[in-house]
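Asker: sequence unavailable; structure follows:
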């Protein structure tokens, strides 16, 4: 039996890294240590953009890659499927490693040639299963039965576990200016951080900072937040300033824009902050940023979007605080008062610093014992070795059950407000009645016309509110 594995992975040529590149860069050496003959696909250079329009370079690279005998396993990540879709015949087995679901969905979501779906967290594995189990009521089957039965999660390595002061492969980025360092350590300001570019819910973030400063009392100094300069653009700033104008405030009172930092500089900044915010719009498939903050002994407060709510137990440094009042009202408006409770929680924790530091230390120990290179190697090797023993899936559609989807963070049946990773919104009363009537029942109980009408009216499955699971 061949022991060749072909790696169709993106961003694996570092350093310099970012998180995906760090993980992918570790895979080749891991597989070599475990006895695999590794062949890595290198995408063609595209310095002037010609390749994007006329992919001759890709054709040449794929032809050279195919010159040797077919590999036993082809391991893709979701972005890597853009170079070549997993297909039966090129490799004996195809596996996809998911860092998220933002790329290449058409290449894997209904593809029966993928023998193993590897999610970077149990949360993402549950989301994948809910996609693969999307119900086809007319044909009485799910979208991708093989995918449903062949999805696993693995533990990723966190760079700060290997290098607590910053990995040298993440050297790209600015250092902290001396003046900012002095300000960070002066005690004249309480600092927080929210540096994930493009992910903030700005109304939530602004409201929290507003209430922090309105509610603070002496001797606590002013509270400000470091944010990415790529997020707080001039257009965003003007919009926020217009919101703050009636209160006589501006963004300058609350936010300091920071360029992209090297990892060492980022970790130094986190250690100087008293809290982090991750009130984000987009679901985190894993959660590098919040784990790194806790590992640097800086607690994080979050709406729990995506995997952020599943990473650590309570009182271990990640604080999930979200209420149904944060959902839009009937007019499509959100009230900044909804985030006052977040500020009150942060202010309470600022008064008991040693307690919070102890929580982060407990969280740090969990992080170090869970998301390390040794566990990643063990999980990856075991999952790939299992491919030859996988049996064909047997799915009994009629015995499967309808339940709330894994993207639902909360559902208030009294008001219809739904906190949802896909999109938080307000369900109409008839949709709430449908959820109540469908939840917990077997698929065999439902007629085609009934389910197609409910989905056409309310889109409960296509918005992730409901999902089909194995009974």
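Answerer: Sure, I can see it. Remember, predicted model here, so these are calculated numbers, not experimental data. Numbering: from 1, shown residues only.
Asker: what sits closest to residue 441 if chain neighbours are left out?
Answerer: residue 402 (5.8 Å; CB to CB, 6 or more residues apart in numbering). No exception for glycine: its C-beta is placed from N, CA and C like everyone else's.
Asker: brain fart, residue 90
Answerer: In this structure, residue 90 finds its nearest non-sequential neighbour in residue 70, 6.0 Å apart by CB to CB, 6+ apart.
Asker: residues contacting the one you found?
Answerer: Residue 70 sits next to 2, 89, 90, 91, 92 when contact means CB atoms under 8 Å, 6 or more residues apart in numbering.
Asker: just residue 443 next, same as before
Answerer: Listed by CB under 8 Å, 6+ apart, the contact partners of residue 443 are 135, 137, 140, 397, 398, 399, 400, 401, 402, 468.
Asker: next, count neighbours for the first one.
Answerer: This points to residue 135. Using other CB atoms under 10 Å as the criterion, residue 135 is surrounded by 21 other residues.
Asker: was I right to think it contacts residue 454?
Answerer: No. With the criterion set as CB atoms under 8 Å, residue 135 and residue 454 do not qualify as a contacting pair; they are 11.3 Å apart.
Asker: tell me the domain boundaries of this protein?
Answerer: The chain resolves into domains spanning 4-157+385-389, 163-371, 397-469 when parsed by automatic domain parsing.
Asker: quick one on the thing from earlier: and which of the contacts of residue 70 is nearest residue 33?
Answerer: Closest approach to residue 33 among those (CB to CB): residue 2, at 18.2 Å.
Asker: so what's the closest one up against?
Answerer: Under the criterion of CB under 8 Å, 6+ apart, the neighbours of residue 2 are 37, 69, 70, 71, 72, 92.
Asker: may I ask which of the residues you listed has the most neighbours?
Answerer: residue 71 (25 neighbours).
Asker: how close does it get to residue 146?
Answerer: Between residue 71 and residue 146 the distance is 20 Å, computed by CB to CB, to the nearest Å.
Asker: what do you get for residue 90?
Answerer: The gap separating residue 90 from residue 146 is 17 Å, by CB to CB.
Asker: how about residue 119?
Answerer: With the distance defined as CB to CB, residue 119 ends up 15 Å from residue 146.
Asker: more neighbours: the two, which one.
Answerer: Applying other CB under 10 Å to residue 119 and residue 146 shows that residue 119 carries more neighbours, namely 26 against 20.
Asker: touching, the more buried one and residue 96? I think so.
Answerer: No. In this structure, residue 119 sits apart from residue 96 without contact. The criterion is CB under 8 Å, and the distance is 9.5 Å.
Asker: residue 188: neighbour count?
Answerer: Using other CB under 10 Å, the number of residues around residue 188 comes to 11.
Asker: nope, residue 120 is what I meant
Answerer: What residue 120 shows, counting by other CB under 10 Å, is a neighbour count of 25.
Asker: state the distance from it to residue 343.
Answerer: Relative to residue 343, residue 120 is positioned 32 Å away (criterion: CB to CB).
Asker: now do the strands in the stretch 1-150 of the chain.
Answerer: Under the criterion DSSP state E, counting those that start in this stretch, strands of the stretch 1-150 of the chain are mapped to 4-8, 37-40, 73-77, 93-98, 116-119, 135-136, 141-142.
Asker: got the angle between the third one and strand 4-8?
Answerer: Right, strand 73-77. Interaxial angle of strand 73-77 relative to strand 4-8 (axes from the mean of the first three to the mean of the last three CA atoms, to 10 degrees): 20 degrees.
Asker: what are the contacting residues of strand 73-77?
Answerer: When contacts are defined by CB under 8 Å, 6+ apart, strand 73-77 is touched by residues 4-10, 20, 24, 27, 84, 86, 90-99, 108, 384, 387.
Asker: swap in the last one?
Answerer: Contacts with strand 141-142, where a contact means CB under 8 Å, 6+ apart, come from 132, 133, 134, 135, 136, 148, 395, 397, 400, 468.
Asker: buried subset of those residues?
Answerer: Neighbour-count burial (16 or more other CB atoms under 10 Å) applied to the contacts of strand 141-142 gives 132, 133, 134, 135, 148, 395, 397, 400, 468.
Asker: between those, which is nearest residue 406?
Answerer: For the buried ones among the contacts of strand 141-142, the residue nearest residue 406 by CB to CB is residue 133; the value is 10.8 Å.
Asker: need the contact list for that closest one.
Answerer: Residue 133 is in contact with 142, 143, 148, 400, 467, 468, 469, 470, counting by CB under 8 Å, 6+ apart.
Asker: repeat that for residue 341.
Answerer: Going by CB under 8 Å, 6+ apart, the list of residues near residue 341 reads 321, 323.
Asker: surely residue 10 meets residue 79?
Answerer: Yes. Look at residue 10 against residue 79 with CB under 8 Å: they come within range, at 3.8 Å.
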